[in-house]
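> Structure here, sequence nowhere to be found:
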């Protein structure tokens, strides 16, 4: 959903922390996996919204140019780009 492996790994950690903090709000009449999925889904939507806002106003910020590591370059060419293009072909519902 996020389209970035590193961002997704960070999101998973944050999602589990949030779920632990909100565990007292869990109601047993709903599957735990569904409850956890809902937390993850809304967390990712919020990240995407923040990313879009940042991109709209990125000209306000100055960014230093950095080079990619060899691992990132190979990962993008072998995995990220083909996976991203395959996911783009799916509808939003299918991706979720």
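Arrived safely, thanks for sending. Here the structure is a predicted model, which means the values were calculated and not measured.

> For residue 80, give its distance to residue 27.
Distance from residue 80 to residue 27, counting by CB to CB, to the nearest Å: 38 Å. C-beta: built from backbone N, CA, C; applies to glycine.

> which one of the two has more residues nearby?
residue 80 (15 against 6; other CB atoms under 10 Å).

> quick one, what contacts that one?
Taking CB atoms under 8 Å, 6 or more residues apart in numbering, we find residue 80 in contact with 4, 5.

> For residue 29, see how far away it is.
Taken as CB to CB, the span from residue 80 to residue 29 is 40 Å.

> got it, and residue 7?
Applying CB to CB, the value for residue 7 to residue 29 is 33 Å.

> the more surrounded of those two?
residue 7 (13 against 5).

> per-residue confidence for that one?
Note for residue 7: predicted pLDDT of 88.

> surely it meets residue 47?
Yes: using CB atoms under 8 Å, residue 7 and residue 47 qualify as a contacting pair, with a distance of 7.1 Å.

> Tell me how many other residues surround the closest residue to residue 87 other than its chain neighbours.
Distance criterion CB to CB, 6 or more residues apart in numbering; nearest residue to residue 87, sequence neighbours excluded, is residue 95 at 5.8 Å. Other residues lying near residue 95 total 11 when counted by other CB under 10 Å.

> go on, residue 23?
10.

> same check, this time on residue 82
The number of residues packed near residue 82 is 11, by other CB under 10 Å.

> State the distance from it to residue 93.
22 Å.

> what do you get for residue 32?
For residue 32, the distance to residue 93 - CB to CB - is 23 Å.

> higher neighbour count, these two?
residue 32 (11 against 6).

> Moving along the chain from the helix or strand that residue 39 is a member of, name the first helix or strand you hit.
Using DSSP states H and E, the element containing residue 39 is helix 32-56. Downstream of helix 32-56, the next assigned helix or strand under DSSP H and E is helix 70-75.

> on contacts alone, who are the packing partners of that following helix?
Taking 3 or more CB pairs under 8 Å, 6 or more residues apart in numbering; DSSP states H and E as contact, there are no helices or strands that helix 70-75 lies on.
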